[in-house]
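Participant: predicted model, plus sequence, below.
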Amino acid sequence: MKCILVFDHLNDVIYTKYNKKFAKHVNTFAKTQKLVPTESLDSKLLTNVIVQIFSPIVTSQRIMSCQFGNSYTSIQCQDGINMTFEDYMGYLFVCIGLEEVSSMKRSLNICVTMVRFICGPNVIMLKSNPQLASLVTKLLDSWSFLQSNDQAIFVEAVEQLIVNADTSTTTLGVLQEAIEKLRCQTESNKSHALILVENKFLALYSSQNASDLGPTDIVFLTLLCQTLQKQECESDKSDSEEEFYSPSSSPIASTRSLVEAFEPEQHLDLISHQVLLTGANYEPKCVPHAVHIKRLTDDANGVGGVHLVILMETGSATLSTALYNTFSHIHILQTVQIQRQVDTLRPAFENLDVSVKKLCDNLKKSKNNAIESCYKQLGKIWELMKKKYVEFIKGRSMEALLRAESCTPTLLDCLKEILSLTSFDHTVLKSSQIYVNEIAESVKEKLANYSEFFKVKAMRNFSLGSSDSLTINKYLEEFPGLVHFVYIDRSSHRVTTPSLDFNSEQTNTLTKSKIWSMINFSRAHLQEGHLSLMWKDTTFNYAYFLWFEDTSGAPLKPTVFPTHASKVLPQPGIICGDFYQKLKELCFPKMSPHKIRCYELFCIHLGLATSTCVLEHTRRLAATIWELRGHPNHPMDLL
């Protein structure tokens, strides 16, 4: 039983995602409260019923957050039902279910992140645009599927497909040629060409002026490609216990097929959409891109295969980031001004003032008449609001504060219009499709001889029992008793791990559940500040290590040990915020995070392996893992 709800500031439901068990449970309760007729269907929920049942909890949450600055993070009920909460841009995201609180928090944070990629700061688009709501729903389904079946997605990292240097060079050359053609035909000088095989990263070529893609962007694009795969959509629908519904009375009834959801931006077999990516730098961004996805393999069942992803930056990164920050600071100001405390409101107002100035400076450079008109309107509204806030700060005039508050909706409408004009201009998306499709067909033809090889490699990148590569076998013979390992460079978030055949009964019973449990156990202790662990069960020995190095590879010992303090950090991972970046800042407060490298290593050994053996293996794995990937740890790679 599980449900995700999104409420606006009026406590109206703007998005729902739930399964049959949840609908039946709520309808049973609603019937006892005479909120619905006794003959109503158990598989569907009415929006007004959701509002009546959950509005008191939502109101309480908002009061605790705004008036006391002490919002709920979760509620645990006597019957085993848990609720978790997350606020994003003034919209309250709620997850309800029978899972553990930590698991539900991750699901809810993933939902917030997907909404940010698809809608940016304008969450109300989930209500006004059913296509976007449907896409968010299917992205969440893809994440749920992959995090249960793919090691890299589960640890929120990028797995590199290991191919020889000649193949890699050829692939990069084809992508470079594609980007150059795109620049000539569309005059787009900020673009990327990326190839994903199954869920693995093969190659990326970026034009010189393009904003760098971050690992989180790559993981998101992997989810987006998975979302477009027909078989997964059908398999989700075949499992009635996990099928999620949106009520017919809701604005986001998502009963259409996956292809129909993308129909307005579909040309031939090219799938296109607009998204806002985060970028590779540590400063959070919200950079608009047109994304075109082309399947390069003609799989009969439409599963997996090789995907070409072409991204075109459609706006200014500095402008979109300034716009996103302005939305964020308005939300913060709205939250704190309810408390009517000058000491709290002053810094929030000053931060918003700085953000609006940066936004206006960027808007000045635009030659678009519509944007120029919005810029002038923004200036007028903000000058009035600014004057009233200053009056309140100096004289505590409640009338001035109320006047400022009354202008906020108009300011937000202006910002939404600017966001629409600068980040969701479908003209670029549609006009580039025909050129991108021609380029994609050329890439498909040039890589046709490699496609089957890529797919086979993706299914068995390398494994502990592999006989395909003498180099790999020779390497793994040096670690007797090693059953499995997961090595992650948390500077680039690149994962190296043996492939597993999850269709094997032996793998499912002995390995997969053990790996997932090991990672969950390690994450829980990492949040308690434990950077190294060793434990065992009746079958295996387990070990987890997280450590830091400088740029030359010398070990670094934290100057501040993160015990308990790490509880204030996001959950381990990168999709919902870079936990490891924050951990570096926490452990080394006087050192630039750019100069610190972070690594993780999970190991599973046979139970007979001694602790001394495990430690010795982990040290040698960490020192020599680059031999498997074909390049050293430290130089920055394509990501």
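Facilitator: Done, it's in.
Participant: what are the buried residues along stretch 431-446?
Facilitator: Across stretch 431-446, burial judged by 16 or more other CB atoms under 10 Å covers 432-433, 435-437, 439-441, 443-444, 446. The C-beta positions use only the backbone N, C-alpha and C, and glycine is treated the same way.
Participant: just the residues contacting stretch 95-107, thanks.
Facilitator: Defining contact as CB atoms under 8 Å, 6 or more residues apart in numbering, one finds that stretch 95-107 is touched by 1-5, 22, 73-74, 76, 80-84, 86, 108, 111, 140, 144, 524, 571, 573, 576.
Participant: for it, measure first residue to last.
Facilitator: Terminal residues of stretch 95-107 lie 8 Å apart, using CA to CA, to the nearest Å.
Participant: pLDDT of that stretch, averaged?
Facilitator: The average pLDDT for stretch 95-107 rounds to 93.
Participant: how far is it from where the chain is centred?
Facilitator: Using CA atoms, centre = their mean, to the nearest Å, the distance from the centre of stretch 95-107 to the centre of the chain it belongs to is 17 Å.
Participant: phi, psi for the residue in the chain sticking out farthest from the centre please.
Facilitator: Each residue of the chain has a distance to the centre, and by CA atoms, centre = their mean the biggest one is for Gly395: 44.2 Å. Backbone geometry at Gly395, expressed as degrees, to the nearest 10, gives phi -120, psi 0.
Participant: gap between it and Leu224?
Facilitator: Here the criterion is CB to CB, to the nearest Å. By it, Gly395 lies 52 Å from Leu224.
Participant: follow-up on the earlier one: buried only: go through the contacts of stretch 95-107 for me.
Facilitator: Buried by 16+ other CB under 10 Å: 1-5, 22, 82-84, 86, 108, 111, 140, 144, 571, 573, 576, out of the contacts of stretch 95-107.
Participant: out of the buried residues of stretch 431-446, which are inside helices?
Facilitator: Secondary structure defined by DSSP state H assigns 432-433, 435-437, 439-441, 443-444, 446 of those to helices.
Participant: save those as JSON lines, and put in distance to Ile153 and pLDDT too.
Facilitator: Output for those, formatted as JSON lines (distance: CB to CB, whole Å; pLDDT from 0 to 100):
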{"residue": "Ser432", "distance to Ile153": "29", "pLDDT": "89"}
{"residue": "Gln433", "distance to Ile153": "29", "pLDDT": "89"}
{"residue": "Tyr435", "distance to Ile153": "32", "pLDDT": "91"}
{"residue": "Val436", "distance to Ile153": "27", "pLDDT": "93"}
{"residue": "Asn437", "distance to Ile153": "29", "pLDDT": "92"}
{"residue": "Ile439", "distance to Ile153": "28", "pLDDT": "94"}
{"residue": "Ala440", "distance to Ile153": "25", "pLDDT": "93"}
{"residue": "Glu441", "distance to Ile153": "29", "pLDDT": "93"}
{"residue": "Val443", "distance to Ile153": "25", "pLDDT": "94"}
{"residue": "Lys444", "distance to Ile153": "26", "pLDDT": "92"}
{"residue": "Lys446", "distance to Ile153": "29", "pLDDT": "93"}
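Participant: quick check, nearest of those to Lys285?
Facilitator: Nearest to Lys285 among those is Ser432, at 22.0 Å by CB to CB.
Participant: who's in contact with that closest one?
Facilitator: Going by CB under 8 Å, 6+ apart, Ser432 touches 182, 186, 188, 290, 292, 312.
Participant: turn those residues into CSV, including distance to Leu608 and secondary structure.
Facilitator: Shown next, in CSV, are the contacts of Ser432 (distance: CB to CB, whole Å; DSSP: H, G, I helix; E, B strand; the rest coil):
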residue, distance to Leu608, secondary structure
Leu182, 56, helix
Thr186, 61, helix
Ser188, 59, coil
Ala290, 55, strand
His292, 53, strand
Met312, 55, strand
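Participant: could you dump those residues into TSV with pLDDT and distance to Leu533 added?
Facilitator: Below are these laid out as TSV (pLDDT from 0 to 100; distance: CB to CB, whole Å):
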residue	pLDDT	distance to Leu533
Leu182	93	48
Thr186	84	51
Ser188	83	48
Ala290	93	44
His292	94	44
Met312	93	45
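Participant: let me know the closest of these to Leu92.
Facilitator: Comparing the contacts of Ser432 against Leu92 with CB to CB places Ala290 closest, at 31.0 Å.
Participant: that closest one and Asp413, how far apart?
Facilitator: The spacing between Ala290 and Asp413, counted by CB to CB, is 25 Å.
Participant: so which of these two has more stuff around it?
Facilitator: Ala290 (27 against 13; other CB atoms under 10 Å).
Participant: so who does that one touch?
Facilitator: 272-274, 311-312, 314, 428-429, 432.
Participant: and those residues, which of them are in helices?
Facilitator: If you go by DSSP H, these have 428-429, 432 in helices.
Participant: reformat those residues as TSV; add distance to Leu556.
Facilitator: Formatted as TSV, the ones in helices among the contacts of Ala290 follow (distance: CB to CB, whole Å):
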residue	distance to Leu556
Val428	45
Leu429	45
Ser432	46
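Participant: would you map the strands across the stretch 51-200 of the chain?
Facilitator: 74-76, 82-88, 91-97, 158-159, 191-197, 200-206 (DSSP state E, counting those that start in this stretch).
Participant: show me which helix or strand of this protein is least confident by mean pLDDT.
Facilitator: In the chain, no helix or strand scores lower on mean pLDDT, DSSP states H and E than helix 258-261, which sits at a mean of 36.
Participant: surely Leu419 and Leu319 touch.
Facilitator: No. Leu419 is beyond contact range of Leu319, at 10.2 Å (criterion: CB atoms under 8 Å).
Participant: between these two, who's got more neighbours?
Facilitator: Taking neighbours as other CB under 10 Å, Leu419 and Leu319 compare with Leu419 leading, 25 against 22.
Participant: tell me the contacts of that one?
Facilitator: Leu419 neighbours (CB under 8 Å, 6+ apart): 120-122, 323.
Participant: quick one: the spatially most central residue of the chain from Phe220, how far?
Facilitator: The structure's the chain has its C-alpha centroid closest to Ile575; by CA atoms, centre = their mean the separation is 3.7 Å. In this view, Ile575 and Phe220 are 8 Å apart by CB to CB.
Participant: and for Val123?
Facilitator: 17 Å.
Participant: same question for Asn351.
Facilitator: Computed as CB to CB, the Asn351 to Phe220 distance reads 28 Å.
Participant: who's more crowded, these two?
Facilitator: Using other CB under 10 Å, the more surrounded residue of Asn351 and Phe220 is Phe220, with 24 against 16.
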